[in-house]
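> prediction below, plus the sequence it came from.
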Amino acid sequence: RKEVEQDPGPFNVPEGATVAFNCTYSNSASQSFFWYRQDCRKEPKLLMSVYSSGNEDGRFTAQLNRASQYISLLIRDSKLSDSATYLCVVTDSNTGNQFYFGTGTSLTVIP
Amino acid sequence: DTGVSQDPRHKITKRGQNVTFRCDPISEHNRLYWYRQTLGQGPEFLTYFQNEAQLEKSRLLSDRFSAERPKGSFSTLEIQRTEQGDSAMYLCASSFRDSGFGANVLTFGAGSRLTVL
């Protein structure tokens, strides 16, 4: 079983829509959680860390459900510039040194 | 500091040739990671260093692959006798991790794209 699983999409949404992505992880003792954004043929860039209490950064909200072992990302009021692949990232349980990436979820925001 | 630098950005080679990629991490970062990414997939872990010590290697890293970080600064990833299946983006990332369990966040370089003909 893969450490991290994501729906690859693609998600095609109109500008202004709200879209949510989920990601599940297999190791219940995983330590840290992140969402990275990757534009086409570019490197991944940190979008936000995910904290147990949930956290928000502008139009982006991340939540962690340890009991169900899933992480979510909510994007409100989608912009054209939000079009990208969103990667769910989980660290290992022992040291937090090993980062496991999902396959990514592709989002296209349509005018 | 301009972030994580990788060189070359693109490499086209013939099957059987050796290639070497270089990564210069953010200067104050003590951790350096190598990942491989193919189209439609997320980055796959290859190996990582803390300072000059190589602490972990993936099963993906066959004996044709070797990585070094001789002085705990830049790192090289060499692939010997390249195969067409080695065609991918090779991503380097660095982070700072102290002795506690503080945040350990990866910053990636732009990657080195390898095409094996």
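That came through fine.
> run a quick neighbour tally on the closest residue in space to residue A:18 that isn't next to it in sequence.
On the basis of Cβ to Cβ, 6 or more residues apart in numbering or on different chains, the spatially nearest residue to residue A:18 that is not a chain neighbour turns out to be residue A:76, at 5.0 Å. All C-beta spots, glycine's among them, are computed from the backbone N, C-alpha and C. A total of 14 residues lie near residue A:76 under the criterion other Cβ atoms under 10 Å in any protein chain shown.
> what is the neighbour count of residue A:92?
17.
> what's the spacing between it and chain B?
10 Å (Cβ to the nearest Cβ, to the nearest Å).
> which residues are in contact with the closest residue to chain A within chain B?
Minimum separation of chain B from chain A (Cβ to the nearest Cβ) falls at residue B:42, amounting to 3.5 Å. With contacts defined as Cβ atoms under 8 Å, 6 or more residues apart in numbering or on different chains, the neighbours of residue B:42 are A:4, A:87, A:101-104.
> pLDDT wise, what is the closest residue to it other than its chain neighbours at?
Spatial nearest neighbour of residue B:42, chain neighbours left out: residue A:101 (3.5 Å); criterion: Cβ to Cβ, 6+ apart. Among the per-residue scores, residue A:101 holds a pLDDT of 95.
> contacting residues around residue A:101?
Contact analysis of residue A:101 by Cβ under 8 Å, 6+ apart lists A:4, A:36, A:44, A:87-89, B:35, B:42-44.
> same deal with residue A:5?
By Cβ under 8 Å, 6+ apart, the contact list for residue A:5 reads A:23-26, A:102-103.
> just the ones of those residues in strands?
Secondary structure of the contacts of residue A:5 is defined by DSSP state E; positions in strands are A:23-25.
> returning to what we had before: the contacts of residue A:5: which ones sit near chain B?
Residues shared between the contacts of residue A:5 and the neighbourhood of chain B are A:102-103 [Cβ under 8 Å from any Cβ of the partner chain].
> which of the contacts of residue A:5 sits closest to residue B:50?
Within the contacts of residue A:5, proximity to residue B:50 (Cβ to Cβ) peaks at residue A:25, which comes in at 24.1 Å.
> I'd guessed that closest one sits against residue A:70; true?
Yes - A contact is recorded between residue A:25 and residue A:70 when judged using Cβ atoms under 8 Å, the distance being 7.4 Å.
> give me the more crowded residue out of the two.
residue A:25 (22 against 16).
> ok, the closest residue to the more buried one other than its chain neighbours - how many residues close by?
Distances taken as Cβ to Cβ, 6+ apart place residue A:90 nearest to residue A:25, at 4.5 Å, with adjacent residues excluded. The local packing count at residue A:90 equals 25, with neighbours defined by other Cβ under 10 Å.
> tell me the residues of chain A that contact chain B?
When proximity is defined as Cβ under 8 Å from any Cβ, chain A approaches chain B at A:4, A:8, A:31-32, A:34, A:42-46, A:49, A:87, A:89, A:91, A:96-104.
> can you flag the buried ones in those residues?
Under a neighbour-count criterion of 16 or more other Cβ atoms under 10 Å in any protein chain shown, the subset of those counted as buried comprises A:4, A:31-32, A:34, A:43-44, A:49, A:87, A:89, A:91, A:96-104.
> among the residues you listed, which lie within helices?
Cross-referencing those against helices under DSSP state H gives no overlap.
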